[in-house]
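[1] Everything below, folded, please.
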Amino acid sequence: MEISITCDVFSRFSKIAASIRPDDQRAYLRSIWLEVTETGDVIAVASNAKIAAVEKVGKSEHKGAKFNVCIDDALVNQCETEISFNSSVTFVNNPALKFVSAKTSLGYVHAGNAGVYTDQKNEFETWREWFPDELPAEVNGGIFSNLENLALLASSSPTASVVFQEIIDNKQPVIVQDVHEPAWLGLFMPRPDAQTRSPEPFAIPDWVQ
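    Presented below is the predicted three-dimensional model:
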């Protein structure tokens, strides 16, 4: 099972994966999920449980391939070095051995296992369920996010410029799109405390009048 993605995608998505809280028991979230759909689309997914980025990054003949890849510092640094050369990184998964090899276009070979495996339920398997069935028709509260996650999600997009969905319901994931690249989508996951943090949509305060 082989999947190739550009070093640019790997670098952008590794930032989200690296932001997992150290005390989060789902260590596998510190990885990038790669899969090839039945139509041959290569999908990359990264999440820190508060935000998520999903991007259709190419085509592949290896339909059905899917696995998590590590964000080892050496591999990330190498990919960042090779971005200017329009390089890619190719991952080859051996499920029987639970081993993934990684090699870049310029010949760098990752020294260890580039795969990330878990005995837990892998939430990346069902990433499509993170999206709402349909966009909300009515506003319900406002979105809450700190600057770090907002900047992190935007930086994972191809142009680092995003636009929010028109109507926001803070009980549902809030979707953002890259301004120029429709192959990328971002998500702000709903927070349990969303209603108390932001009970009403933002309004212009009276003191501005």
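
[2] what about the closest residue in space to residue 87 that isn't next to it in sequence, how many neighbours?
    Closest residue to residue 87 in three dimensions, ignoring its sequence neighbours and counting by Cβ to Cβ, 6 or more residues apart in numbering: residue 105, at 3.8 Å. C-beta coordinates here come from the backbone N, C-alpha and C atoms, glycine included. Residues within reach of residue 105, counting by other Cβ atoms under 10 Å, total 16.

[3] phi, psi of residue 105?
    Per-residue torsions, residue 105: phi -60, psi -30 (degrees, to the nearest 10).

[4] my read: it touches residue 83, true?
    No - contact criterion Cβ atoms under 8 Å: residue 105 and residue 83 do not qualify, at 10.8 Å.

[5] how far away is the residue nearest to residue 87 from residue 29?
    The gap separating residue 105 from residue 29 is 27 Å, by Cβ to Cβ, to the nearest Å.

[6] what residues are up against the closest residue to residue 162 other than its chain neighbours?
    Residue nearest to residue 162 in three dimensions, not counting chain neighbours: residue 176, with 4.4 Å by Cβ to Cβ, 6+ apart. Counting by Cβ atoms under 8 Å, 6 or more residues apart in numbering, residue 176 makes contact with 153, 154, 157, 162, 163, 164, 165, 185, 186, 187, 188.

[7] Apply 7 Å and report the result again.
    153, 162, 163, 164, 186 (Cβ atoms under 7 Å, 6 or more residues apart in numbering).

[8] With that, I have no additional questions.
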